[in-house]
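Participant: Provided below for reference: sequence and predicted model.
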Amino acid sequence: MSSTLSPAWAGLQTHRHDLTYTRIGDLFGTEPNRGPELTIEHDGVVLDYSKNLLTSHTVELLAQLAEERQLSVGIEAMFSGERVNVTEDRAVLHTALRAPAGTVVELDGHDVVPDVHDVLGRMADFSTRVRSGQWRGATGESIRTVVNIGIGGSDLGPAMATLALRQFASDGPDVRFVANVDGHDLARTLHDLDPATTLFVVCSKTFTTVETLTNARTARGWLLAGVDDHAAVAKHFVAVSANTGEVADFGIDPANMFEFWDWVGGRYSLHSAIGLSLMLAIGSGQFHEMLSGAHSMDRHFRTAPLRQNLPVLLGLLGIWYRNFWDAQTHAVLPYDQRLARLPAYLQQLDMESNGKSVGRDGRATPVDTAAVIWGEPGTNGQHAFFQLLYQGTVFVPCDFIGVLEPDHDLPGHHDLLMANLFAQSEALAFGKPEPAAGPSELRAQRTFPGNRPSNTILVPRLTPYSLGQLIALYEHKVFTQGWIWGVNSFDQWGVELGKVLATRIVSELATEDVLAHDSSTNHLIRRYRQTRQAAARAGK
Ligand code: G6Q
């Protein structure tokens, strides 16, 4: 997208130059109502984007860029089931997962909404039976613990949401997540569990992912060692997958499989059957609340004007900093401990979707794409890395996420938490001038430059509904950026390569075969072989 091809891009480049010496503090000085004027709200979700390096002209130019790139056409194409995942020739219909019953979403002439609700019904039936104790394990005992086995998109969403919504899970089983092929993960998860009361939910769209299948096989062995009855697998293992054949080959009865479809990308799959473990934790009623929240944001994204559209604005602001201010990273800072895993979830959503350097047209992208997404909950981050945000040499736009009403009654805590949130965005934007007194060398140290931009996103309470809204908000932010950058946000060829290379090396570790990698990789493999052989000699 060279500037000669794109009038809006060129306009933004010139405008960025014009704003070089603009300060956020000055913008607030000349616009007394900037805070409320640059705040938009949809269904309780508030976005205050006033503490950004922008004027109304910036927003206008960014909106023109979205128009020039035909973002509205892209949005409509995604919602209506066109094959916008061009490299895999697939539709992208995670929005259909939260479409109310009775809505029609056609894919090749077939309405997918009844299929979605059919699976949701089966999930609800199953989770009710498990939660009520009606579903019995092989020894006749009810299920007390659910272990979700999956990785990447088949783990991060349900793990993040189950942690976030734990207060809604008081009458459900203990739900745990195992992702890593590192045996410590599974060993630590199982160490205090009783096979007779444990249910495994194996989540894998392809059902070929080596980490997940390795963990699932080990878990199956652990179960059968504890419950000496091969038929126990049917009572203690269910699968979530798009691949019935592989599920059956593994030994899970397809009757115990919950289906999803190739038009649901892994990192967009929390609202599909991949959310089964979450539903087991919070119940199907609360799960449906989450779907409703996401649907509310879907409707907003599809119908609101670009300039009043929360995900579009978030996406455009990201483009503004990434492409015109050269921001390499973007911090997501939830001021809520329950959202501790949200940054990791958004990291995958954003970086796996838009971390691309080849466009939808198969050519190198002429502009930078996704920034590095990272973050930790506040206030912890303040005592760790905020120093760099305030006084470092890296320019890091931030999203602060706050929840207005807490779900605990410990006096004083929430005021302190929210005061810290508001104070950080204030301090980043406005800084602190050099102190008038004190030793000159310390005065500079105590100066905070300010002019560091942030968004503040507020929700009334952390509920399944508002979490669904937040997830959809960021999903559509990512879509907005990917569409404008011209990349396919729905493939992940880099992930595929990592899977293939590891498979090749694993077969070499237990042999003496001559190695044909580079000298570093050969050396590392030999070092590992030596340790492995020494352990074998020692009888470990
Ligand atoms: C997500 C990615 C990736 C995927 C995992 C697990 O969008 O494709 O994170 O979810 O590699 O894949 P399976 O669900 O097929 O096991």
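Facilitator: All right, it came through fine. Numbering: from 1, shown residues only.
Participant: can you pull out the strands in the stretch 51-200 of the chain?
Facilitator: Listed in chain order, the strands found in the stretch 51-200 of the chain under DSSP state E, counting those that start in this stretch are 106-107, 110-111, 145-149, 174-178, 198-203.
Participant: Closest residue of the stretch 1-150 of the chain to the ligand?
Facilitator: In the stretch 1-150 of the chain, the residue that lies nearest the ligand is residue 150 (6.1 Å; Cβ to the nearest ligand atom). (C-beta placed from N, C-alpha, C; glycine too.)
Participant: number of nearby residues for that residue?
Facilitator: When counting by other Cβ atoms under 10 Å, one arrives at 30 neighbours for residue 150.
Participant: What sits closest to it if chain neighbours are left out?
Facilitator: Spatial nearest neighbour of residue 150, chain neighbours left out: residue 203 (3.3 Å); criterion: Cβ to Cβ, 6 or more residues apart in numbering.
Participant: go on, residue 390?
Facilitator: In space, residue 390 comes closest to residue 448 once its chain neighbours are excluded; the distance is 5.5 Å by Cβ to Cβ, 6+ apart.
Participant: The one you found pairs with what?
Facilitator: When assigned by DSSP bridges, residue 448 has beta-bridge partners residue 432.
Participant: quick one: contacts for it?
Facilitator: Taking Cβ atoms under 8 Å, 6 or more residues apart in numbering as the criterion, residue 448 is in contact with 390-391, 427, 431-432.
Participant: which strands and helices sit next to the helix or strand of the chain with the lowest mean pLDDT?
Facilitator: Least confident helix or strand of the chain, by mean pLDDT, DSSP states H and E, is helix 493-509 with a mean of 82. In terms of contact count using 3 or more Cβ pairs under 8 Å, 6 or more residues apart in numbering; DSSP states H and E, helix 493-509 is assigned the packing partners helix 210-226, helix 519-537.
Participant: and the ones you listed, which is most packed in?
Facilitator: Scoring those by mean neighbour count under mean count of other Cβ atoms under 10 Å gives helix 210-226 as the most buried, with a mean of 18.
Participant: now check it, is it near the ligand?
Facilitator: Yes - contact of helix 210-226 with the ligand (Cβ under 6 Å from any ligand atom) involves residue 212.
Participant: I'd say residue 434 and residue 444 touch.
Facilitator: Yes - between residue 434 and residue 444 a contact is recorded at 6.8 Å, counting by Cβ atoms under 8 Å.
Participant: buried ones in the least confident helix or strand of the chain?
Facilitator: residue 508 (16 or more other Cβ atoms under 10 Å).
Participant: How many residues are close by residue 405?
Facilitator: Counted with other Cβ under 10 Å, residue 405 comes out at 10.
Participant: counting contacts, what elements does the lengthiest helix in the chain pack onto?
Facilitator: Taking residue count as the measure and DSSP state H as the definition, the longest helix of the chain comes out as helix 464-485. Counting by 3+ Cβ pairs under 8 Å, 6+ apart, the packing neighbours recorded for helix 464-485 are strand 45-48, helix 56-68, helix 71-79, helix 156-164, helix 284-303, helix 310-319, helix 342-354, strand 454-461.
Participant: which other helices and strands contact the last one?
Facilitator: For strand 454-461, the elements it packs on are strand 45-48, strand 398-405, helix 413-430, helix 464-485, judged by 3+ Cβ pairs under 8 Å, 6+ apart.
Participant: Ok, which of the ones you listed comes nearest the ligand?
Facilitator: With Cβ to the nearest ligand atom as the measure, helix 464-485 is the member of the helices and strands packed on strand 454-461 nearest the ligand (11.5 Å).
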